[in-house]
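Q: next come a sequence and a model predicted from it.
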Amino acid sequence: MKDLKKAVCYSLIIVTAVFGLTVVCLGEDKPAASAPASPDVNNPKAQKKPAEPNKITEERKMIKLETTKGDICIEVNETAAPVTSANFLKYVQEGFYDGVIFHRVIPGFMIQGGGFTPDMTQKPTHAQIVNEAKNGLKNDRGTIAMARLPDPNSATAQFFINLVNNDVLNYSARSPGYAVFGKVTDGLDVVDAIAKVQTSSKGPYGDVPVEPVIIKSAKIVKDK
């Protein structure tokens with residue numbers, strides 16, 4: 001029963017047809033119950049005017065993910081997604097992503113990482129954060145967004161990089177969407193290479209690379 005519950009929580013894609021509506025779920029296991037409080041989204045200093053779709057403005061940091069397949073450079077949009085960006089940068093600064101893997105790879109859709117070690121042990125995380133999918137940024141090819149459970153405000157550390165324009169993951173009147181907070185500026189060829197690796201099942205988890213694709217380090221390499 002425990003393995004079944006983990007498999008349900010972990011499911012990356014759940015596609016059903018309801019009156020012609022496609023529902024997609026990008027999920028991750030629940031974070032540790034003892035995690036500290038999430039960022040205060042009611043703090044006026046944290047509220048910033050959304051940017052134009054997929055346009056990095058004003059505040060930005062460059063993150064380099066050094067992986068076993070090559071380097072991926074990501075520009076984080078702190079203006080459009082202040083809470084999500086702060087959350088991601090906190091994990092980067094703590095070294096949380098060093099040694100974790102891309103544990104879910106689906107060609108033609110996305111690659112997901114940021115939560116599991118090579119032996120498929122999930123790392124404990126900080127608290128869940130508010131979903132900023134209404135910020136105007138779209139889940140287009142090369143963008144990075146937060147993975148979550150069915151609860152819109154359940155993202156913690158796991159993220160995914162879109163391989164194509166995944167419009168179904170965007171915010172709409174009928175869907176809470178998935179919060180985009182940046183984009184790949186260099187290394188999209190590395191992302192595509194990861195998307196081509198052979199995958200298999202490991203325990204209750206599917207679409208896991210047979211040979212682990214490891215994030216050797218994640219660092220802030222450039223401020224605004």
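A: Good, I have the coordinates.
Q: do you know how far the residue nearest the centre of the chain is from Pro204?
A: Nearest to the geometric centre of the chain sits Phe159, at 1.3 Å (C-alpha atoms, centre = their mean). For Phe159, the distance to Pro204 equals 21 Å [C-beta to C-beta, to the nearest Å]. Yep, even glycine has a C-beta here, placed from its N, CA and C like the rest.
Q: do the same with Ala133
A: Counting by C-beta to C-beta, the gap from Ala133 to Pro204 is 27 Å.
Q: neighbour-wise, which of the two wins?
A: Ala133 (27 against 16; other C-beta atoms under 10 Å).
Q: with adjacent residues omitted, what lies nearest to that one?
A: Counting by C-beta to C-beta, 6 or more residues apart in numbering, Gly177 is the residue found nearest to Ala133 once chain neighbours are left out, at 3.3 Å.
Q: do the same with Tyr91
A: Leaving aside its sequence neighbours, Tyr91 sits nearest to Ala157 (C-beta to C-beta, 6+ apart; 5.4 Å).
Q: over to Gly142?
A: Nearest one to Gly142, counting by C-beta to C-beta, 6+ apart, is Val184 at 4.5 Å.
Q: can you check Pro176 too?
A: Pro176's closest residue in space is Pro152 (C-beta to C-beta, 6+ apart), at 3.7 Å.
Q: please pull out the lowest mean pLDDT helix or strand from the chain.
A: The least trusted helix or strand in the chain, going by mean pLDDT, DSSP states H and E, turns out to be strand 16-18, with a mean of 32.
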